[in-house]
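**Q** With the input below, show me the fold.
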Amino acid sequence: MQTSRPTICIISFSPIARDARVLRQIDHLTPHYDLVVLGYGAPPKRWRNADSVRWFSVDPPRWYEMQHLKALLVAGRVWQPSTC
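**A** Below you'll find the predicted structure:
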């Protein structure tokens, strides 16, 4: 990775290899910046050996962890102060 260019971190909460929005960001930014990309799953083959992109694969949350988060979000909306 070159050190003379600024670095941008992209965080994706989706499988990177199938997320067209993230892949477009990477396409657009790599000519100008070094990238650190965090997301679910392995990087697409095209970017695996790119010098200016460092990949960090994260395991998606387990099903029961997602249910806990959904419950917290719903609870937050129920106890939200009224706007009247």
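**Q** Point out where this structure drops to low pLDDT.
**A** Across the chain, the ranges flagged by pLDDT under 70 are 1-3, 62-68, 70, 75-84.
**Q** how near is the residue positioned nearest the centre of the chain to residue 58?
**A** Nearest to the mean C-alpha position of the chain, by CA atoms, centre = their mean, lies residue 12 at 1.3 Å. Distance of residue 12 to residue 58, given as CB to CB, to the nearest Å: 9 Å. All C-beta atoms are positioned from the backbone trio N, CA, C, and that covers glycine.
**Q** So what are the sheet partners of the longest strand belonging to the chain and their directions?
**A** When the chain is parsed with DSSP state E, its longest strand is strand 7-15. Strand 7-15 sits in its sheet next to strand 34-40 (parallel), going by DSSP bridges.
**Q** got a list of what residue 50 touches?
**A** Taking CB atoms under 8 Å, 6 or more residues apart in numbering, we find residue 50 in contact with residue 30.
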